[in-house]
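Asker: Give me a model of this one.
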Amino acid sequence: MALSAQDKILYVANKLGLSTLGNMQGSTGAVYDVDTDISGQIFSSASRHQNPGVTNITENQFEVNEALLVENIAFYVKNAAGDALNFQNVYGSAAVLVYDLVIGNKRVMKDTPVFAAGSPYTFANSGVISSGGPDAALSLYSPRHQTFMEGAGILIPPQVQWYVDYRIFDVVTGATIAATDETALGCYLFGTRVLLNFNTTI
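Answerer: The predicted model follows:
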């Protein structure tokens, strides 16, 4: 029998001694942030941003009764004007993003590649490719640089800090590609989020 997202959240909560999590409601949720410091880390400096155009969190840890079961991790680029751009269109089709997801002091994902173009498609969703016409701009900005979690995903528990470490390389030369202020990398984590405790909020 497959493990559901809710089962995994409750299992981890019980192991952590968070007995009230079972009384809460889970719904889809997402957190996002942009590495405006060009530090190679996303989410670790979210508390300094306080700008919904850059991030939707005030710190990189959840409150006592919050958790996020990550089912999808996606990357995008923010330019100096604040527009979200396609990773391949900025860094080129020879670029590969390699990242680690760190929760607490543990790397739960290590050296995970997301290719700007080409195979393997399990790491790069090619999305819709438009040759022009009225939908050209839409397909240009469509999210496509993602990692999909198989099974029940990865849980970020309450009151534990998390962040994403990343590096960008040229797959042809092996050289590191440096990010700039005009091409700051953003990331969002999407999945099932525990939000409300009905015992205290109704």
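
Asker: From now on I want contacts and neighbour counts done on CA atoms only, so please keep to that.
Answerer: Will do.

Asker: Torsion angles phi and psi at the closest residue to Gln161 other than its chain neighbours?
Answerer: Distances taken as Cα to Cα, 6 or more residues apart in numbering place Gln61 nearest to Gln161, at 4.5 Å, with adjacent residues excluded. When read as degrees, to the nearest 10, the backbone of Gln61 gives phi -150, psi 150.

Asker: Quick check: which element contains the nearest residue to Asp33 once chain neighbours are set aside?
Answerer: Take Asp33 and drop its neighbours on the chain: the residue closest to it by Cα to Cα, 6+ apart is Thr55, 4.2 Å away. Using DSSP states H and E, Thr55 sits in no helix or strand.

Asker: I'd say Thr55 and Asp35 touch.
Answerer: No. Thr55 is beyond contact range of Asp35, at 9.7 Å (criterion: Cα atoms under 8 Å).

Asker: neighbour count winner among those two?
Answerer: Asp35 (27 against 23; other Cα atoms under 10 Å).

Asker: quick one: that one and Gly186 touch, right?
Answerer: Yes. Using Cα under 8 Å, Asp35 makes contact with Gly186 at a distance of 6.1 Å.

Asker: Relative to Asp170, how far out is Gly82?
Answerer: 25 Å (Cα to Cα, to the nearest Å).

Asker: More neighbours: which of those two?
Answerer: Legend: neighbour count by other Cα under 10 Å for Gly82 and Asp170, higher for Asp170 (17 against 13).
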